[in-house]
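Colleague: Structural data only, the sequence is not supplied:
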């Protein structure tokens, strides 16, 4: 489902975040770290979403939320990692997450994938911020 998108705006929004945050992670921590985040956040949250709503969903949003959570928490816990996400960006994504649980957006939202991705990103950052050594 991470490769399926149902509108041009949806894929553009997801790819913008993938380029912005994924590029930062790849540059600072390497492609293997980004690949792990992609595979885990592209699989587990989608399994959760499948059990919530069935097979009719798609998008990279669960991965995007994982990258958001990962970048934000790494910036807080290990600023020397070079990964930062402004609190205002995190606030926007949290507002979007909450709005997804309402009918105000007027479209189906993969809330399980979004929430699952965020939790994966935060969990991985909590682990990595204790383990990864940085040389500056």
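Modeller: That came through, no problem. Predicted, not measured: the structure shown is a model, and the values here were computed from it.
Colleague: Please state the mean pLDDT value computed over stretch 109-124.
Modeller: Mean per-residue pLDDT for stretch 109-124: 92.
Colleague: Would you map the strands across this protein?
Modeller: Assigned by DSSP state E, the chain shows no strands.
Colleague: Sketch out the helices for it, chain order is fine.
Modeller: Ranges of helices in the chain, per DSSP state H, are 8-17, 23-29, 31-41, 44-53, 61-77, 87-100, 111-131.
Colleague: Pipe the ones you listed into CSV and attach mean neighbour count per row.
Modeller: Glycine gets a C-beta too; all of them are placed from N, C-alpha and C. What follows is the helices of the chain, written out as CSV (neighbours: other Cβ atoms under 10 Å):
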stretch, mean neighbour count
helix 8-17, 14
helix 23-29, 17
helix 31-41, 17
helix 44-53, 18
helix 61-77, 25
helix 87-100, 14
helix 111-131, 20
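Colleague: what's residue 93 in contact with, if anything?
Modeller: Contact analysis of residue 93 by Cβ atoms under 8 Å, 6 or more residues apart in numbering lists 65, 68.
Colleague: distance between stretch 49-59 and the chain's centre?
Modeller: 17 Å (Cα atoms, centre = their mean, to the nearest Å).
Colleague: where are the low-confidence patches of this structure?
Modeller: 1-6, 58, 132-136 (pLDDT under 70).
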